[in-house]
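K.L.:
Got a predicted structure here, sequence first:
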Amino acid sequence: DAGITQSPRHKVTETGTPVTLRCHQTENHRYMYWYRQDPGHGLRLIHYSYGVKDTDKGEVSDGYSVSRSKTEDFLLTLESATSSQTSVYFCASTPGLHTGELFFGEGSRLTVL
Amino acid sequence: DAKTTQPPSMDCAEGRAANLPCNHSTISGNEYVYWYRQIHSQGPQYIIHGLKNNETNEMASLIITEDRKSSTLILPHATLRDTAVYYCIGANMEYGNKLVFGAGTILRVKS
């Protein structure tokens, strides 16, 4: 399995506080993704990255920002968390789009009270 | 991305083949069929993908109809550990498509 880890794995925070989730991969993969998963919605793409400092929005990007200053790290930030952002967040990476294979992290469960 | 339709759930006896269908009648000529699965609350796991030809790897076989409007994922000898949600996705990542995970099929393997 690709070495992709997420931190923190669990977090409880209050509405209005900033939150940053970290995705770290040791495989030198160029492409990285952040998804959220909620009951009844499957996995929905938040943001993705084609390389260092090269990011773009997914289908549910409002309220989220990302940064990728190094190949191995892709950060997801909730500037002011809301209860609707309570979810399980998954990070994924792939070395190339031709492979069709995304490697997923274990997920980060975020609860916003 | 192509719209895909999967049954919400299926049961399979342990040791038997599990055949998971997927309809993707709107798939375009350059879109692949990808299959992933998600066991309990873990991150999704890639299984296999194909364009036109049938594909096989150590995990499963993928049978795509000649008109490419549907496909079947086959787990040849299902085990209890294969109980998971299986996602069928039609897309071409090289063309900028992102993988869109729908509701999938819940496969329950029973002893």
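P.N.:
Received the coordinates, thanks.
K.L.:
What separation do you get for the residue in chain B that chain A sits nearest to and residue B:92?
P.N.:
Nearest residue of chain B to chain A, counting by Cβ to the nearest Cβ: residue B:43, 2.9 Å away. (Each C-beta comes from the backbone N, C-alpha and C, glycine too.) According to Cβ to Cβ, to the nearest Å, residue B:43 stands 22 Å off from residue B:92.
K.L.:
Can you pick out the residue with more neighbours from those two?
P.N.:
Set residue B:43 next to residue B:92 and count neighbours by other Cβ atoms under 10 Å in any protein chain shown: residue B:43 wins out with 23 against 20.
K.L.:
ok, now which ones touch that one?
P.N.:
A:90, A:92, A:104, A:105, A:106, A:107 (Cβ atoms under 8 Å, 6 or more residues apart in numbering or on different chains).
K.L.:
Same question for residue B:17.
P.N.:
So residue B:17 contacts B:74, B:75, B:76, B:77, B:78 (Cβ under 8 Å, 6+ apart).
K.L.:
Any chance of JSON lines for those, columns neighbour count and pLDDT?
P.N.:
Shown next, in JSON lines, are the contacts of residue B:17 (neighbours: other Cβ atoms under 10 Å in any protein chain shown; pLDDT from 0 to 100):
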{"residue": "B:74", "neighbour count": "16", "pLDDT": "98"}
{"residue": "B:75", "neighbour count": "21", "pLDDT": "98"}
{"residue": "B:76", "neighbour count": "13", "pLDDT": "96"}
{"residue": "B:77", "neighbour count": "10", "pLDDT": "95"}
{"residue": "B:78", "neighbour count": "21", "pLDDT": "97"}
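K.L.:
Okay then, goodbye and thanks.
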